[in-house]
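1. coords please:
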Amino acid sequence: MSHTPAQPDTSTETDASAASPFVEVDTHAGRVRGQWRPTTRHAGDASGGRGAERSAAFLGLPFAEAPVGELRFAAPVPKAPWAGVRDALEFAPTAQRGDPGVTLIPEPSIEGDSTLNVNVFTPSPERPADGAEGLPVLVWIHGGGYFAGSPASPWYDGRNFNRDGVVTVTISYRLGFDGFGWIDGAPSNRGIRDWLLALEWVQQNIAAFGGDPARVTIAGQSAGGGAVLTLLGMEAAQRLFHGVYAISGATADVTPERAEALARRIAAQLGVEPTLAGFSSVSEERLLDAQKAATALDPSALNEVLDEGLGLGPTIDGELLHRSTVDSLAAGVGAGKPLVLGATDDEFAMALMDAPKILRFVPKSMLVKKSGLTKAQVRPYLAANRDVSKHGNARLLGRLITDRMFKVPMLRVVAARARLDDAAGTWLYRFAWPSGTFGFAEHCLDVPFFFDCLDGPAMVPLAGPNPPQALADELHAGAVAFVATGDPGEAWPRWSDASRATRVYDTPTTVADDGYASVRPLL
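-> Now for the predicted structure:
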């Protein structure tokens, strides 16, 4: 990935197409009708003022048949061709049902069966001329703990990446037990198979929307960040993308034993056998209720969750996933593909906002030891985190949970890549700017900066009033550069064992020699 960022060429548009609010494109399955919209422009946009004035949105394009009936727990089946022109003007049904209330990102649920779809946002919805290079492509996989989330979020709208010459695709996938639960007689990792088929759809169709299938970057946040790291470590996925941007990546790497044990508990609760026939006899609503009950977090089992991850998510099945993500990367899978990854400083501190009174009188050494640290780790960890512990025990515990759940696995990924001396490069960042609402950099805070959508809805509950546009300009510009060229820019050195260079997104942004030094006592 060593390309110069391209700007969309709209000079060939006819007067008629410019006047129409609609635009049509031929996909492999049939013709689709999208809609033109204006792009957002401001003084600091990543295009330097040269970006597209408008872009086109194609919403709810099915890449697979609806996963219902006999297809409910099957591998996804490519969408059959249709006749005529299919409207792509509204978001399609989502796998998320209702509002689980697990994030501060607005992620609406949409009723319906055809939940396996993509949304395409493009500044140039026409196939490049023979021999011409298409635009770079960003494919976004939403988060939500592998059981929630929606590709229809207004924050995930690709118009600002379009403004800067990047075609953007958001994809849906089966969630929770439907997507990842162990079922005797059904294919494993159905949610992963959905990701793979969606990426196949991109390879087959994105040129028709002006994109370059040879320049696809996959990106995601939280479970979506874990998803793109999982794909980076998966042999079967390598030809489907060319770079990875993982935001707060939470890998699952569920063992087959743990997956089966959870499935048997859910089946027993439902009064059915843990088989394809047994689970197929249960309604979606009943299965979802049983899933919620079986996966409810028990505070006394927090260390188990931190050590082993959530019970639902990508499973080491011996077919798609042969080993943990870190082990796969250490074995060289994904080598040659550039990677950006990082986390916010205090991902899960907001979960303990109501706990200060309970934790106030617990000695800090006892608090961190009870939270899974060994005796040898306690003193160096407390010394390395004096800056956060002065804000109280709740913040300290939130930082420790953040470090164990997000930062330790992330640093192990970085170390695995470094041992390979991978020429493609790895870039590490910290998002440290404190939210005007919470006073620290919490989970999801960096997402609207990545998409440059600080003018979007529901921003104040997450970021407070007037979040810094200059910081969004900087973070978004680095993302655009990475998608376009495989390098986020000269101001951001690659990570290596020697330098451990870390870009710290704050006001101002800096580059630290070792931005995650406070986590090293846990490694």
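2. what is the rounded mean pLDDT of whichever strand or helix holds Asp473?
-> Secondary structure assignment for Asp473, by DSSP states H and E: helix 469-485. Per-residue confidence for helix 469-485 averages out to 98 on the pLDDT scale.
3. right, and the helix or strand after it?
-> Scanning the chain past helix 469-485 towards its C-terminal end, the next helix or strand to appear is strand 502-505 (assignment: DSSP H and E).
4. quick one: contacts of that next one?
-> With contacts defined as Cβ atoms under 8 Å, 6 or more residues apart in numbering, strand 502-505 is touched by 342, 427-433, 446, 449, 471, 474-475, 478, 491-492, 495, 509-516. For every residue, glycine as well, the C-beta is placed using N, CA and C.
5. then the helix holding Asp473 to PDB, C-alphas only?
-> Provided in PDB are the C-alpha atoms of helix 469-485 (Å, rounded to 0.1, in the frame of the first residue of the first chain):
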ATOM      1  CA  GLN A 469     -12.500  20.200  16.000                       C
ATOM      2  CA  ALA A 470      -8.800  20.600  15.500                       C
ATOM      3  CA  LEU A 471      -8.200  17.200  17.200                       C
ATOM      4  CA  ALA A 472     -10.800  15.600  14.900                       C
ATOM      5  CA  ASP A 473      -9.100  17.200  11.900                       C
ATOM      6  CA  GLU A 474      -5.800  15.600  13.000                       C
ATOM      7  CA  LEU A 475      -7.100  12.200  13.900                       C
ATOM      8  CA  HIS A 476      -9.300  11.900  10.800                       C
ATOM      9  CA  ALA A 477      -6.500  13.100   8.500                       C
ATOM     10  CA  GLY A 478      -4.200  10.400   9.800                       C
ATOM     11  CA  ALA A 479      -6.900   7.800   9.100                       C
ATOM     12  CA  VAL A 480      -7.500   9.100   5.600                       C
ATOM     13  CA  ALA A 481      -3.700   9.000   4.900                       C
ATOM     14  CA  PHE A 482      -3.500   5.400   6.200                       C
ATOM     15  CA  VAL A 483      -6.400   4.200   4.100                       C
ATOM     16  CA  ALA A 484      -5.000   5.900   1.000                       C
ATOM     17  CA  THR A 485      -1.400   5.000   1.400                       C
END
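6. Buried ones in stretch 61-69, by neighbour count?
-> When neighbours are counted by 16 or more other Cβ atoms under 10 Å, the buried residues of stretch 61-69 are found to be 61-67.
7. Kindly apply the preceding question to stretch 102-119 instead.
-> By neighbour count with 16+ other Cβ under 10 Å, stretch 102-119 contains the buried residues 102-107, 109-110, 114-119.
8. do stretch 478-488 as well
-> For stretch 478-488, the buried set under the neighbour-count rule, 16+ other Cβ under 10 Å, comprises 478-488.
9. Can you show me the helices along the stretch 251-400 of the chain?
-> Remark: helices assigned in the stretch 251-400 of the chain by DSSP state H, counting those that start in this stretch are 256-270, 276-280, 284-295, 302-308, 325-330, 356-359, 364-370, 375-384, 386-389, 393-402.
10. which strands and helices sit next to the last one?
-> Read that as helix 393-402. Secondary structure elements in contact with helix 393-402, counted by 3 or more Cβ pairs under 8 Å, 6 or more residues apart in numbering; DSSP states H and E, are helix 356-359, helix 364-370, helix 386-389.
11. Indicate which one of those helices is closest to Leu135.
-> With Cβ to Cβ, the closest approach to Leu135 among those belongs to helix 386-389: 41.9 Å.
12. any residues touching that closest one, and which ones?
-> Defining contact as Cβ under 8 Å, 6+ apart, one finds that helix 386-389 is touched by 346, 364, 382, 395-396, 399, 518.
13. Let me know whether Phe440 touches Pro434 as I believe.
-> Yes: if you go by Cβ atoms under 8 Å, Phe440 and Pro434 touch, sitting 5.1 Å apart.
14. Neighbour count for those two, which is higher?
-> Shown here are Phe440 and Pro434; by other Cβ atoms under 10 Å, Phe440 has more neighbours (22 against 18).
15. Grab the nearest non-local neighbour of that one.
-> Counting by Cβ to Cβ, 6 or more residues apart in numbering, the nearest residue to Phe440 once its immediate chain neighbours are dropped is Asp346, at 4.3 Å.
16. pretty sure the one you found contacts Ala394?
-> No: distance between Asp346 and Ala394: 10.6 Å, which falls outside the contact criterion (Cβ under 8 Å).
17. Now do the strands in this protein.
-> Listed in chain order, the strands of the chain (DSSP state E) span 22-26, 31-38, 54-62, 85-87, 117-122, 135-141, 167-171, 211-221, 243-247, 339-344, 426-431, 502-505, 510-512.
18. May I see the ones you listed arranged in a markdown table, with distance to Pro256 and mean pLDDT as well?
-> Written out in a markdown table, the entries for the strands of the chain read as follows (distance: least, Cβ to Cβ, whole Å; pLDDT from 0 to 100):
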| stretch | distance to Pro256 | mean pLDDT |
| --- | --- | --- |
| strand 22-26 | 42 | 97 |
| strand 31-38 | 40 | 96 |
| strand 54-62 | 31 | 96 |
| strand 85-87 | 40 | 98 |
| strand 117-122 | 30 | 98 |
| strand 135-141 | 23 | 98 |
| strand 167-171 | 26 | 98 |
| strand 211-221 | 24 | 97 |
| strand 243-247 | 24 | 98 |
| strand 339-344 | 27 | 98 |
| strand 426-431 | 30 | 97 |
| strand 502-505 | 35 | 98 |
| strand 510-512 | 40 | 96 |
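19. The ones you listed: which one's closest to Met410?
-> Taking Cβ to Cβ, strand 339-344 is the member of those nearest to Met410, at 5.7 Å.
20. and the buried residues of stretch 478-488 as a markdown table, adding distance to Phe241?
-> Listed next are these as a markdown table, based on distance: Cβ to Cβ, whole Å:
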| residue | distance to Phe241 |
| --- | --- |
| Gly478 | 19 |
| Ala479 | 15 |
| Val480 | 17 |
| Ala481 | 17 |
| Phe482 | 13 |
| Val483 | 11 |
| Ala484 | 15 |
| Thr485 | 15 |
| Gly486 | 12 |
| Asp487 | 16 |
| Pro488 | 17 |
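21. which one of these is nearest Ala415?
-> Of all the buried residues of stretch 478-488, Pro488 has the smallest distance to Ala415: 20.1 Å, by Cβ to Cβ.
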